[in-house]
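J.: what shape does this take:
(one chain, ligands or ions: 2)
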Amino acid sequence: GSKWSYIGPDGEKAWPKKYPFCGGIFQSPIDFHKDILQYDSNLLPLEFIGYNVSSTDQFTLINNGHSVKMYLLPTMYIRSLPFEYTASQLHLHWGNRNKSEGSEHTVSGKHFAAELHIVHYNSEKYPDVTAAMDKADGLAVLAILFEIGPFNPSYEKIFRHFRNVKYKDQMVQVPGFNIQELLPERLDEYYRYEGSLTTPPCYPSVLWTVFRHPVKISHEQLLALETAMYCTESDDPEPLEMVDNFRKVQEFHERLVFISFRE
Ligand SMILES: NS(=O)(=O)c1c(F)c(F)c(S(=O)(=O)CCO)c(N[C@H]2CCCc3ccccc32)c1F
Ligand SMILES: [Zn+2]
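T.: Ligands and ions are numbered 1, 2, ... in the order given. Sure thing, here's the model as predicted:
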């Protein structure tokens, strides 16, 4: 099984031993700071097709021991990237109840509270995500940063199920809803760069789109995310809280991040 973690002897410093790409090129996440940003007027707003999922459909939400991930439908895809990318899953990264700074990407060295990733694969060139995930043009991940604000009823459609996926390998069905509700305002403003999966096997196969504007969730919702889940199975005598499941920012030398907005 995937024997890696975010803490202890199997933590990120040890990842390259079992997963060589984790010590390789184009690693994510990174810090967005002004001297690596370059405006690119060709960066168009993304188009989301099939994201408005009927409540008669269902998404499977699962605790996989590293994160909480929700499988999406193969009828969901994004256009206006170099290829058509079909949705695979979404998952989150967060901190802990004493330090709500669990985003993976940072802006001018600052963490946001948490980060949502919507993983897509290049369905024009590859049959599924497994075939795509180690190809340079295989994946496109959308990243949404979180900050504290008013209660967010759209995110609550996922968060209210956390009590049913407390332990590793538990899963629950989530009634379909419009996944576009999870996206921030100004879909035309984002950071774009070529990077990697931020977990093992860390393949440099991801076209990253990180939206400039964060979404807001309430303090209580963030606390629920930070305290609801465990990396361990329900019968494990030594339960491990699922917290701080974010990778440190990686070196990003001699490369640029393209931005669709003027500062
Ligand atoms: N931050 S990240 O790089 O977006 C990211 C994660 F952080 C993350 F935890 C996952 S995982 O939940 O699958 C557990 C670790 O593989 C993924 N999965 C991807 C890549 C690995 C295999 C696979 C297979 C099917 C669908 C998605 C994926 C991931 F892409
Ligand atoms: Zn992720």
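J.: from now on I want contacts and neighbour counts done on CA atoms only, so please keep to that.
T.: Noted.
J.: show me where the stretch 101-250 of the chain has its strands.
T.: Secondary structure of the stretch 101-250 of the chain (DSSP state E, counting those that start in this stretch): strands at 106-107, 110-111, 114-122, 139-148, 171-175, 190-195, 206-211, 215-217.
J.: near ligand 1, which residues of the stretch 1-150 of the chain are found?
T.: H66, S67, K69, S88, Q89, H117, V119, V129, T130 (C-alpha under 6 Å from any ligand atom).
J.: in helices only, show me those.
T.: Using DSSP state H, V129, T130 are the members of those that sit in helices.
J.: got a quick PyMOL command for the buried subset of the residues of the stretch 1-150 of the chain next to ligand 1?
T.: The PyMOL selection below is limited to those of these classed as buried (16 or more other C-alpha atoms under 10 Å):
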select buried, resi 66+67+69+88+89+117+119+129
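J.: now the residues of the stretch 1-150 of the chain next to ligand 1 as CSV including distance to I36 and pLDDT?
T.: Converted to CSV, these look like this (distance: C-alpha to C-alpha, whole Å; pLDDT from 0 to 100):
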residue, distance to I36, pLDDT
H66, 31, 97
S67, 30, 98
K69, 31, 98
S88, 30, 98
Q89, 30, 98
H117, 22, 99
V119, 25, 98
V129, 30, 97
T130, 32, 98
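J.: tell me which of the strands of the stretch 101-250 of the chain sits nearest to C22.
T.: Across these, C22 has its closest neighbour in strand 190-195 (11.4 Å, C-alpha to C-alpha).
J.: which residues touch the closest one?
T.: Outside of strand 190-195, the residues within contact range by C-alpha atoms under 8 Å, 6 or more residues apart in numbering are 26-29, 204-213, 256-261.
J.: can I get stretch 108-117 as PDB, trimmed to CA atoms?
T.: Extracted in PDB, the C-alpha atoms of stretch 108-117 (Å, rounded to 0.1, in the frame of the first residue of the first chain):
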ATOM      1  CA  SER A 108       4.200  36.000  -0.800                       C
ATOM      2  CA  GLY A 109       5.200  33.500   1.800                       C
ATOM      3  CA  LYS A 110       1.700  33.400   3.400                       C
ATOM      4  CA  HIS A 111      -0.300  30.200   3.900                       C
ATOM      5  CA  PHE A 112      -4.100  30.300   3.500                       C
ATOM      6  CA  ALA A 113      -6.200  28.200   6.000                       C
ATOM      7  CA  ALA A 114      -6.800  25.300   3.600                       C
ATOM      8  CA  GLU A 115      -6.900  24.300  -0.100                       C
ATOM      9  CA  LEU A 116      -9.200  22.300  -2.300                       C
ATOM     10  CA  HIS A 117      -7.900  20.400  -5.300                       C
END
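J.: V165 contacts G65, correct?
T.: No - if you go by C-alpha atoms under 8 Å, V165 and G65 don't touch, sitting 10.2 Å apart.
J.: could you list the low-pLDDT ranges of the stretch 1-150 of the chain?
T.: 1-2 (pLDDT under 70).
J.: which residues of it fall in helices?
T.: 15-18, 129-132 (DSSP state H, counting those that start in this stretch).
J.: residue of the stretch 51-200 of the chain nearest ligand 1, please.
T.: Of all residues in the stretch 51-200 of the chain, L197 sits closest to ligand 1, with a separation of 3.1 Å (C-alpha to the nearest ligand atom).
J.: follow-up on the earlier one: the helices of the stretch 1-150 of the chain: which one's closest to H33?
T.: Going by C-alpha to C-alpha, the one of these nearest H33 is helix 15-18, 26.3 Å.
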